[in-house]
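# kindly return the folded structure for what I paste below:
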Amino acid sequence: MRGKTAKSKSGGRLYVHRYYLCKNKQAGRCDAPAIREDRLEQAILTELMRYAKEALAAYAEARESLRPVAGASAEELERKRERKRRRWEAAYEEGLLSLEAFREKMAALQSEADESNPPRAAFLPAAPLPDPSLLTEWPLIWSHASEEERRLLVSILIRRVEATVSSTAAGQRQERAICLQHLVFH
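All right, here's what the predicted structure looks like:
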């Protein structure tokens with residue numbers, strides 16, 4: 001889809017609407033009508049709300065995978081490594097370990113610490129997270145997001161959208177309903 005901006009005046013007010021066109025329309029291979037951005041957004045939000053349970057389950061799974069593993073606590077493992085380090089330092093000071101052997105043991109201890117303790121600060125924020133159900137309140141998220149944030153969010157979540165427009169007469173105005181034919185997530 002390609003974007004197009006149209007401006008109109010009504011009652012002395014200037015309105016700006018963005019429309020999306022099929023990329024094949026300019027080449028003459030498609031006769032699909034343009035779809036207004038706000039109507040397409042509403043159809044996508046409605047579709048995203050259908051996946052709220054799945055999103056919350058994925059969130060819970062991700063949070064659980066970041067918890068410490070069962071067994072020895074991180075503090076206990078760190079205390080064991082500290083005792084080893086002190087013993088090796090004492091052995092080196094007494095001449096029981098050569099400098100090369102001491103360096104090897106310290107490097108092994110450091111690599112063990114790096115492997116068992118990934119930088120968790122990068123994954124879990126220090127402050128408590130908001131209520132997870134807020135993550136699936138798409139209309140609320142959408143209303144607080146800037147235009148650039150909306151576009152970024154859609155590009156992160158959605159790989160491809162295929163939509164059609166169906167016209168229905170409602171009073172004197174002709175309403176265009178958006179029907180999502182195909183929605184593919186990343």
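# paired strands for the one helix or strand in the chain whose mean pLDDT sits lowest, with orientation please.
Sorted by mean pLDDT, DSSP states H and E, the helices and strands of the chain end with strand 2-10, the least confident at a mean of 76. The pairing partners recorded for strand 2-10 under DSSP bridges are strand 13-21 (antiparallel).
# give me the distance from the very next helix or strand once past the strand it pairs with to the chain's centre.
Where DSSP states H and E defines the elements, the next helix or strand beyond strand 13-21 is strand 35-36. Averaging C-alpha positions (C-alpha atoms, centre = their mean, to the nearest Å) puts strand 35-36 26 Å from its chain's average.
# and for stretch 136-156?
11 Å.
# picking that back up, give me the contacts around the least confident helix or strand of the chain.
Residues from elsewhere that reach strand 2-10 (C-beta atoms under 8 Å, 6 or more residues apart in numbering): 14-23, 25-26, 34, 37. Every residue, glycine included, has its C-beta placed from N, CA and C.
# okay, buried residues for it please.
Within strand 2-10, no residue qualifies as buried by neighbour count (16 or more other C-beta atoms under 10 Å).
# by pLDDT, give me the weakest of the contacts of strand 2-10.
Of all the contacts of strand 2-10, residue 26 has the smallest pLDDT value, namely 79.
# how about it, phi and psi?
When quoted as degrees, to the nearest 10, the phi and psi of residue 26 stand at phi -60, psi -30.
# residues near it, how many?
As a burial measure, residue 26 scores 10 neighbours (other C-beta atoms under 10 Å).
# dump the residue contacts of residue 151.
Neighbouring residues of residue 151 by C-beta under 8 Å, 6+ apart: there are none.
# next, work out how far apart it and residue 47 are.
Residue 151 is 17 Å from residue 47, where distance means C-beta to C-beta, to the nearest Å.
# which non-adjacent residue is nearest the residue nearest the centre of the chain?
By C-alpha atoms, centre = their mean, the chain has its centre lying nearest to residue 156, at 6.6 Å. Nearest non-adjacent residue to residue 156, counting by C-beta to C-beta, 6 or more residues apart in numbering: residue 186, 6.9 Å away.
# can you tell me how far the one you found sits from residue 89?
According to C-beta to C-beta, residue 186 and residue 89 sit 50 Å apart.
# swap in residue 158?
Distance, residue 158 to residue 89, by C-beta to C-beta: 56 Å.
# and the gap between residue 4 and residue 55?
32 Å.
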